[in-house]
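1. let me see the structure of the following:
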Amino acid sequence: MNHRSNTTATLAALAMSALPLAVQAQSTAQNTPTAAESLNPVVVTAALAPRTANESLSSVTVIDEATFRRQDPTSITDLLRGQPGVDVSSNGSFGKNSSVFIRGTGSGQNVLLIDGIRLRSATSGGAAWSYLDPRMFDRAEIVRGPRGSLYGADAIGGVIQLFTPQGDEEGPQPRISVGGGSFNTQRLSAGVSGREGGTRYSFAGSHFNTDGQPVRRSGDDKGYDNTSALARVSHTFESGAEMGVLALRARGNNEYDGGENDFVQQVAGVYGELPLMDNWRSRLTLSESRDESDNVADSGESVFNTKVRTARWENTFTAGVHELIAGAEYSEDRVSGTTDYDENSRSNAAVFSQALLDFSPFMLQASLRFDDNEAYGNEVTGSLGLGYDLDGHHTLRTSYGTAFNAPTYNQLYFSGFGNPDLESETSESIEVGVRGQYANWFWDAAIYQTDIDNLIAGQGVQFNVPTSRIRGAELASGVEINDWTLAAALTYTDPENRLTDNRLQNRATQSVRLDADRELGEWSLGGSWVVQNHRYRDAQNNDRLSGYGLVNLRAGWQFAPLWSARVTVENALDQDYITTRSFDGADYINAGRAGFLSVHFGQ
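-> Numbering: from 1, shown residues only. Predicted structure coming up:
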């Protein structure tokens, strides 16, 4: 398509224009985090406040900037697949529809945040994971367990937050990347970030284009292109006040089984934070997210657009080592398009509070939230977490939490599919975990149970399943020693429909992920191994999809100051695997062996 080549040329010009600035950049290396910092990272998603992983009293996984750069994935879901408690299914590779499951809960029962702004489709319920370019982000936090009392509807299984570059380094830090590989794939990105006085900034653009591969056996190639742009600026005043603005937009075209669509994924927000007193900070965020899809399929044309506008006010009060967070949130969903829904908007007002108390060696976290939604009424959610520092290296934790998930517009009103009598899903979860934290390694183990009432299910007309139960266990570990970076994750999940005793559909019950990387002077070598067992496509557990094992390999070469090259081989053993089927029973196949080469300039 012409717009693909035009976009590539534009980004190439941007990259070349940034090169003179890049040449002036200092070649001093960034301050890399110590092993203790990377193995016990500070997370903000779990408690709305900075806490190290062992202080968060939650099961958390952080994918840091170094991991993003080493693995250099073509999709965000490649990073998430096989992480503790995380499962991924997709209708093929390269932009095809993907679902992310956390602790056995569906894609619509989890929350995706981008720099604190929620992104989702109000019609389908889930987030369009496949349209997010990983080169726009440098960090991901995965929080497992209910977070309804902090984030409202949908946070039954957990929350995943993606972070864009903050611009923490002094002076401009340019970066350019050019690459390509199998399936006539082309990748180009360029950006600059940095800090000048109290001002931080980050600007970036990227383009991804591929001819793709068939999603059905003996089918035609299904292409995909994505152009993304990011702008982020913030300023901290001498008084301690801070203001900032963020805009991230991805648009492109995706060919799928039976048609193609033009898509837009966008988040935008502005915030202001004031230190009202020495122990009181107040923050107001105004944001908007968009999920837009214009489809041309064999069955006709269709348009699905979601716009979500949110105002969120948070106040943080400190008293020594204790913190209290209190706030309010108002959001409005609007849908439009070719489908005539009985309703096309709904608003939600909420108030919430959380106490973070430290009575060392005991810790307590308690939260409560009240939601008033004009479409489905009132919901009260809460959580309570207790932690105990056993000896400075081992932290025991236990928690209880509730959450809910409101029916989507499709589930309620879509012709031949929706059911306006659906009730909201509600859940109760309990978890017990322990974390061992040492100088060069950590381990974290957890067991949990989630009971869901009125789970929404059905391959045709939607209905409520009276009771479902999900039990599971997770074990994660990480090591950084002698130029080695190792990570391991083992997950067991038992998602059961209590009415039929069948496994909930599309969920694997066992998975293993191993990541190993080694620095060898100017060279680096690494690989990932992901294994998952079988799953069932249908609620009756008659349509079984076999398990699989994937091996991804990578190598890097720092051939000059600020210059590097990377080679990645995805699915190196050319595994033929599927994670879902179409409604007519045809397999959605994923890409076989694929190799990619890229050259990078910048830190």
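2. could you check how far the nearest residue to I142 once chain neighbours are set aside is from I470?
-> Residue nearest to I142 in three dimensions, not counting chain neighbours: T61, with 4.3 Å by Cβ to Cβ, 6 or more residues apart in numbering. In this view, the C-beta of every residue, glycine as well, is placed from N, C-alpha and C. According to Cβ to Cβ, to the nearest Å, T61 and I470 sit 18 Å apart.
3. what do you get for S360?
-> When S360 is compared with I470 (using Cβ to Cβ), they lie 33 Å apart.
4. what about those two, which has more around it?
-> More crowded of S360 and I470, by other Cβ atoms under 10 Å: I470, with 23 against 8.
5. what's near enough to touch the nearest residue to that one once chain neighbours are set aside?
-> Spatial nearest neighbour of I470, chain neighbours left out: G104 (4.0 Å); criterion: Cβ to Cβ, 6+ apart. Counting by Cβ atoms under 8 Å, 6 or more residues apart in numbering, G104 makes contact with D87, G157, T450, I470, G472, T493, D494, P495, L504, R507.
6. return the subset of those residues lying in helices.
-> Residues from the contacts of G104 lying in helices, with DSSP state H as the criterion: none.
7. and which of the residues you listed is nearest to T316?
-> The closest of these to T316 turns out to be G157 (Cβ to Cβ; 26.6 Å).
8. got the contact list for the closest one?
-> Contacts of G157 (Cβ under 8 Å, 6+ apart): F101, I102, R103, G104, T105, G106, Q109, N110, R144, G145, P146, T450.
9. what's the pLDDT at R281?
-> Per-residue pLDDT puts R281 at 97.
10. and G401, how many neighbours?
-> There are 25 residues near G401, going by other Cβ under 10 Å.
11. list the buried ones in stretch 212-231?
-> 212-213, 215-216, 222-231 (16 or more other Cβ atoms under 10 Å).
12. just put those in CSV and tack on pLDDT, secondary structure and distance to L79.
-> Below are the buried residues of stretch 212-231 laid out as CSV (pLDDT from 0 to 100; DSSP: H, G, I helix; E, B strand; the rest coil; distance: Cβ to Cβ, whole Å):
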residue, pLDDT, secondary structure, distance to L79
G212, 95, strand, 20
Q213, 93, strand, 21
V215, 94, coil, 22
R216, 93, coil, 26
K222, 96, strand, 22
G223, 96, strand, 23
Y224, 97, strand, 18
D225, 97, strand, 21
N226, 97, strand, 16
T227, 98, strand, 21
S228, 97, strand, 16
A229, 97, strand, 21
L230, 97, strand, 18
A231, 97, strand, 24
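13. reformat those residues as JSON lines; add distance to A250.
-> JSON lines is the format used below for the buried residues of stretch 212-231 (distance: Cβ to Cβ, whole Å):
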{"residue": "G212", "distance to A250": "17"}
{"residue": "Q213", "distance to A250": "21"}
{"residue": "V215", "distance to A250": "21"}
{"residue": "R216", "distance to A250": "26"}
{"residue": "K222", "distance to A250": "18"}
{"residue": "G223", "distance to A250": "16"}
{"residue": "Y224", "distance to A250": "12"}
{"residue": "D225", "distance to A250": "11"}
{"residue": "N226", "distance to A250": "6"}
{"residue": "T227", "distance to A250": "7"}
{"residue": "S228", "distance to A250": "4"}
{"residue": "A229", "distance to A250": "8"}
{"residue": "L230", "distance to A250": "9"}
{"residue": "A231", "distance to A250": "13"}
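14. gap between stretch 386-406 and the chain center?
-> 22 Å (Cα atoms, centre = their mean, to the nearest Å).
15. now stretch 376-389
-> Distance, stretch centre to chain centre, for stretch 376-389: 22 Å (Cα atoms, centre = their mean).
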